[in-house]
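K.L.:
build me a structure from this.
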Amino acid sequence: MTDNAFYHCLSEAQERIKAWRKDGKRIVFTNGCFDILHPGHVHYLTAAKELGDALVIGLNDDDSVRRLDKGAGRPLNPLADRACLLAALKPVDLVVPFSEDTPLELIEALRPDVLVKGGDYEIEAIIGAREVMSWGGHVTTIPFIAGHSTTSLISRIQKD
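P.N.:
Just a heads-up that it's a prediction; the model follows:
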């Protein structure tokens with residue numbers, strides 16, 4: 001795992017972002033469970049990084065994944081493993097776990113310049129969109145690559 005990409009502490013993440021802002025960097029934020037990494041995630045995170053200079057991922061902790069009702073036994077990979085894999089990806093600059101049901105508090109604390117989600121979201125329905133736009137930020141979506149989702153991958157594994 002890269003040393004600088006994974007922080008357990010929100011205040012450490014805020015300090016890192018403060019330093020990036022001082023250097024004039026544009027901060028991009030996305031969030032999710034990222035339970036089993038697949039090519040769709042890599043495409044999505046690469047496209048998200050292209051929207052700014054530093055990509056921050058809000059990562060649902062294990063309890064919040066379970067509350068999202070992603071399916072029996074989810075997450076398959078514990079938080080530390082998911083964070084380790086994400087932090088090792090080239091586009092990812094910072095991984096910040098959160099335990100709430102939504103990333104709203106994390107978004108408000110980090111104040112990204114860009115908020116991005118997958119193409120299955122309408123801008124108006126994205127948690128934190130109103131807040132990001134209120135401080136002059138931008139909200140956008142990135143289309144999914146057909147056939148690449150964690151749910152479809154788990155389904156294929158279970159069939160085999």
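K.L.:
adjacent strands (with direction) for the host helix or strand of residue 115?
P.N.:
Assigned by DSSP states H and E, residue 115 belongs to strand 114-118. In the sheet containing strand 114-118, its partner strands are strand 27-32 (parallel), strand 138-142 (parallel), by DSSP bridges.
K.L.:
and that strand, how far out from the chain middle?
P.N.:
9 Å (CA atoms, centre = their mean, to the nearest Å).
K.L.:
and the contacts of the next helix-or-strand element following it?
P.N.:
Using DSSP H and E, the helix or strand that follows strand 114-118 in sequence is helix 129-134. Here helix 129-134 makes contact (CB atoms under 8 Å, 6 or more residues apart in numbering) with 104, 107, 108, 111, 112, 114, 115, 123, 138, 139. Any C-beta I mention is one placed from the backbone N, CA and C, and that applies to glycine too.
K.L.:
ok, these vs residue 26, which is closest?
P.N.:
Relative to residue 26, the closest of the contacts of helix 129-134 is residue 114; by CB to CB it sits at 6.7 Å.
K.L.:
ok, the closest one to residue 45 distance?
P.N.:
13 Å (CB to CB, to the nearest Å).
K.L.:
ok, now how distant is residue 84 from residue 60?
P.N.:
With the distance defined as CB to CB, residue 84 ends up 15 Å from residue 60.
K.L.:
neighbour count winner among these two?
P.N.:
residue 60 (26 against 16; other CB atoms under 10 Å).
K.L.:
who's in contact with the residue nearest to that one when sequence neighbours are not counted?
P.N.:
Once flanking residues are discounted, residue 60 sits nearest to residue 33: 4.8 Å by CB to CB, 6 or more residues apart in numbering. By CB under 8 Å, 6+ apart, the contact list for residue 33 reads 59, 60, 65, 68, 70, 74, 75, 82, 150.
K.L.:
same thing but 7 Å
P.N.:
60, 65, 68, 70, 75 (CB atoms under 7 Å, 6 or more residues apart in numbering).
K.L.:
next, format the residues you listed as TSV and append pLDDT.
P.N.:
As requested, the contacts of residue 33 are exported to TSV (pLDDT from 0 to 100):
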residue	pLDDT
60	94
65	92
68	87
70	73
75	88
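K.L.:
quick check: beta-bridge partners of the most centrally placed residue in the chain?
P.N.:
Nearest residue to the geometric centre of the chain (CA atoms, centre = their mean): residue 31, 2.5 Å. With DSSP bridges as the criterion, residue 31 is bridged to residue 58.
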